[in-house]
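> Turn this into a model:
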Amino acid sequence: MKRSSEGIQAAIRKSRRRYHSSVMSFPIRTCVVCSEEFELRPDKPGFANRCPSCSEPEETDSSSASGVEATDRKGESEINAARRKAIRDMLYRKDS
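Coordinates of the predicted model:
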C-alpha cells in the first residue's frame, strides 16, 4: 500500500512540474483596422479586436471643443429649465 501512494505522489509531482514549466502564451489576434497581428494581453487598453496603436484615443484640439460661448450656455440653460419644468408638470399634475 505504501508503494502505490508513493507512486501516486510521484506522478502528481511530475504532472505539476510539467504544468508549471509550460507557459501559457497570450492569444494572437488580428486588428480589424490595420490587419496587424498582436498579443491580447490583460492590461491592454482599448478594444480586444484592435491593436494597441489603433486603440489609442485620438487627440483633439481641446480649445475648439470646449469653446462654448456664454450666450450659447445661457440659451442651453434656459432650454433645459423649460424642459425640466415641462417634465415636472407632467409628472406631478393632478388628474381631476
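> How far off centre is the longest helix along the chain?
What stands out as the longest helix in the chain, according to DSSP state H, is helix 70-92. A distance of 34 Å separates the centroid of the chain from that of helix 70-92, by Cα atoms, centre = their mean, to the nearest Å.
> contacting residues around it?
With contact meaning Cβ atoms under 8 Å, 6 or more residues apart in numbering, helix 70-92 is reached by no other residue. For every residue, glycine as well, the C-beta is placed using N, CA and C.
> Would you state the strands of this protein in chain order?
28-30, 37-39 (DSSP state E).
> Buried residues in the first one, which are they?
Along strand 28-30, the positions that meet the burial threshold by neighbour count (16 or more other Cβ atoms under 10 Å) are residue 29.
> And the average pLDDT for the longest helix of the chain is what?
On average, the pLDDT along helix 70-92 is 90.
> now swap in stretch 48-56 and tell me
Averaged over stretch 48-56, pLDDT sits at 86.
> buried ones in it?
Buried, per 16+ other Cβ under 10 Å, within stretch 48-56: 50, 51, 55.
> Kindly report the same for stretch 33-45.
Under the neighbour-count criterion of 16+ other Cβ under 10 Å, stretch 33-45 has 38, 44 buried.
> Any idea how far apart the tips of that stretch sit?
Start and end residues of stretch 33-45 are separated by 16 Å (Cα to Cα, to the nearest Å).
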